[in-house]
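After the sequence you'll find the predicted model.
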Amino acid sequence: MRAERIVARGFRNLRDLDLELPPSGAVFLGPNGHGKTNLLELLYYPVLYRSLRGARDVDVTCHGEAGFELALTLRAERTPRELAAGFRCAGKRKRLTQDGVEPERLSDAIGHWLAVAFLPTDLHLVQGPASERRQYLDRVLSLADRAYLRALSAYRRALAQRNSALRQRRPDLAGAWNPMLARFGAELVRRRMGWIADHAESFTATCVALGELAEVTLRYRGDGALADEAAWPEAFARAANRDEALGATGTGPHRDDVDIRLGGRPLREVGSTGQHRTAAVALRLCERETLAAASGTEPALLLDDVFAELDAGRQERLAAALQQGAAHQTFITAPREDELPVDFHLETLQVENGRVGDARHPQAV
Amino acid sequence: MGAIDDLVAELARLPGIGHKTAQRLTFHLLQQPRERAERLAATLGAVATRVHPCPECGTFTEDARCTVCDDPRRDATLLCVVEEASAVPVVERATGFRGRYLVLGGRLSPLEGVGPEQLRMALLRRRVASGEVREVILATNPSLEGEATATYIHQLLDGTGVKVTRLARGLPVGGDLEYIDGVTLSHALDARQEVP
């Protein structure tokens, strides 16, 4: 999957950008705070039409601007070819178009441009709370399968309604949402468990390939029985008193986690930062594998300063793992050229004050 | 505020009308002959004073009871429950339904502060308790909230002995399979029927 051009106005510090994207990708070089990560955030935006860093659209908008606009042009043979998004801070209105046509729902808009981002904050995937790992699963599965995204939005809305009824101390009203939670919740649990079963082995192998000596394993943590819609009524009945006391629903995939273990013990308790980073990178590589299998084409890779903390051996192994697979586009940020592993042969683009040019001829101001 | 601003503000409260459209409508009315605006005002006044919900079903009527509830030939054993009064003429025009209606006046949504008390659930219970109704057809919208409302009513009527049915979901007649949205198609696949 390749993009040819990205145009943006008012996106972070990229006030007015029109960039031809080299077919194999590029290295964005430049001092900190000049917009390298913003470029990756921009390239990722048409994947989910949301900030990669979880920022609100208002905060993505360049300070002092009324909103932002962007358009990504894919390679000629793809339809839709141009993915565009515009956001107005007034009224917080977002408008998406694909080849000029507004898609009926968000689930129709996504899946045309796929990318996997490797960020310094990926360490949270391993070290952070369960919500980080649920978010990871939800993103990967939503991008790979629209049915998952539909079930997820329906589940979230039904959950919000049920919790609202519980907070109003109306258990009778809360119960009206149970069949909906059961139907969509069972689908989420089923698909999440299926994904882990399919990828656990390759996750372990990837950790080894990245230089990990002890065995790192992946397992779904949650009530597996809830993969069956028929098991939900009993689960609701068991939790009824607690739910009513807490004013919130305590049963379901919104409470589940992914259990990552090193030599049989919880990785986040026993591993070093280097081992945490390795597992986080392996999760991203699983994401890429999933998206590639689902779409039949390699997603673009967006690497934000990922080589910085690694020793030469791990850098090499990571670079090798990233370059596996069919041809794809890779975009890398680095503060200095000497922080890149040697075997990436990509065009270098200089980033300065939100402007991009090639290393010798920065874009004229 | 002057009269113009008042009218713009009132129009802008209507669904689907923003401030700009409200302004355009206001100035359009001002440019028309005066009688037109007066006729519109009189019509609005008449609707406001004469129209009220039917005490038996909640649909709008000018009479003591609506035409459906007043018609002795309608089948009182069949009760079709809809969210809004606007659904009644749609069902009337499009189907040969000969039963009666009950308009809930919305759908359950705790997030928006809509509980059973905000809807005509008590009226529904009274209608069922009267013993006339044999089947309640739940024709709430196939949205999350509409489904939850249907579930709630189903539970509410549990033990009353009436049959509770729900409208089927599936493919629109005359539709083209490749243009059908995924949710509808997956419902249709789940609820597939054997070819007779």
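Sure thing, it's come through. Numbers count the residues shown, from 1 in each chain, chains lettered A, B, ... in the order given.

Show me which parts of stretch A:153-161 are buried, residue by residue.
A:153, A:154, A:155, A:157, A:158, A:159, A:161 (16 or more other C-beta atoms under 10 Å in any protein chain shown). For the C-beta atoms, the positions are set from N, CA and C on the backbone; glycine is no exception.

same question, stretch A:129-148
Under the neighbour-count criterion of 16+ other C-beta under 10 Å, stretch A:129-148 has A:132-134, A:136-148 buried.

thinking again about what came up before, which of the buried residues of stretch A:153-161 sits closest to residue A:6?
Checking those against residue A:6 by C-beta to C-beta gives residue A:153 as the nearest, at 27.7 Å.

Please name the nearest non-neighbouring residue to the closest one.
Spatial nearest neighbour of residue A:153, chain neighbours left out: residue A:107 (7.8 Å); criterion: C-beta to C-beta, 6 or more residues apart in numbering or on different chains.

what distance separates the host helix or strand of that neighbour from the middle of the whole chain?
Using DSSP states H and E, residue A:107 maps to helix A:106-109. Relative to the centre of its chain, helix A:106-109 is centred 16 Å away, using C-alpha atoms, centre = their mean, to the nearest Å.

Report all helices and strands that it contacts.
strand A:93-98, helix A:146-167 (3 or more C-beta pairs under 8 Å, 6 or more residues apart in numbering or on different chains; DSSP states H and E).

what do you get if the cut-off is 7 Å, keeping everything else the same?
Judged by 3 or more C-beta pairs under 7 Å, 6 or more residues apart in numbering or on different chains; DSSP states H and E, the packing partners of helix A:106-109 are helix A:146-167.

does the helix or strand bottoming out on mean pLDDT in chain B come close to chain A?
Here the helix or strand of chain B ranked lowest by mean pLDDT, DSSP states H and E is helix B:182-190, holding a mean of 80. Yes: under the criterion of C-beta under 7 Å from any C-beta of the partner chain, chain A is reached by helix B:182-190 at B:182, B:183.

Show me where the chain has its helices.
In the absence of a named chain, this looks at chain A. If DSSP state H is used as the criterion, the helices of chain A fall at A:36-48, A:57-60, A:106-109, A:123-127, A:130-144, A:146-167, A:171-174, A:178-209, A:232-246, A:267-270, A:273-295, A:312-322.

try chain B instead
B:3-12, B:19-31, B:34-50, B:67-70, B:87-94, B:121-129, B:144-156, B:182-190.

got those helices as JSON lines, with distance to residue A:220 and mean neighbour count columns?
Below are those laid out as JSON lines (distance: least, C-beta to C-beta, whole Å; neighbours: other C-beta atoms under 10 Å in any protein chain shown):
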{"stretch": "helix B:3-12", "distance to residue A:220": "51", "mean neighbour count": "14"}
{"stretch": "helix B:19-31", "distance to residue A:220": "50", "mean neighbour count": "14"}
{"stretch": "helix B:34-50", "distance to residue A:220": "58", "mean neighbour count": "11"}
{"stretch": "helix B:67-70", "distance to residue A:220": "54", "mean neighbour count": "16"}
{"stretch": "helix B:87-94", "distance to residue A:220": "43", "mean neighbour count": "14"}
{"stretch": "helix B:121-129", "distance to residue A:220": "41", "mean neighbour count": "17"}
{"stretch": "helix B:144-156", "distance to residue A:220": "26", "mean neighbour count": "22"}
{"stretch": "helix B:182-190", "distance to residue A:220": "24", "mean neighbour count": "14"}
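
which residues sit in contact with the residue nearest to the spatial centre of chain B?
Relative to the mean C-alpha position of chain B, the nearest C-alpha, by C-alpha atoms, centre = their mean, is the one of residue B:84, at 1.6 Å. Residue B:84 sits next to residue B:103 when contact means C-beta atoms under 7 Å, 6 or more residues apart in numbering or on different chains.

what about 10 Å?
Going by C-beta atoms under 10 Å, 6 or more residues apart in numbering or on different chains, residue B:84 touches B:58, B:59, B:90, B:103, B:104, B:105, B:106, B:107, B:140, B:141.

Now it. Its backbone dihedrals?
Residue B:84 adopts backbone torsions of phi -120, psi 150, taken as degrees, to the nearest 10.

what residue ranges in the chain are flagged as low confidence?
Reading this off chain A. Residue ranges of chain A with pLDDT under 70: A:325-327, A:342, A:358-365.

try again with chain B
Counting by pLDDT under 70, chain B shows low-confidence ranges at B:1.

try 80
Along chain B, the parts satisfying pLDDT under 80 run over B:1, B:175, B:180-183, B:186, B:196.

Could you pick out the residues of it near chain A for me?
Residues of chain B lying close to chain A by C-beta under 10 Å from any C-beta of the partner chain are B:18, B:108-116, B:143-145, B:147-156, B:181-183, B:186.

circling back to that earlier point, what lies in contact with the helix holding residue A:107?
With C-beta under 10 Å, 6+ apart, helix A:106-109 has contacts from A:46, A:48-50, A:80, A:83, A:85, A:94, A:96-98, A:102-103, A:142, A:146-150, A:152-153, B:181-183.

What parts of the stretch 1-150 of chain A come near chain B?
Going by C-beta under 10 Å from any C-beta, the residues of the stretch 1-150 of chain A near chain B are A:91, A:104, A:105, A:107, A:108, A:146, A:147, A:150.
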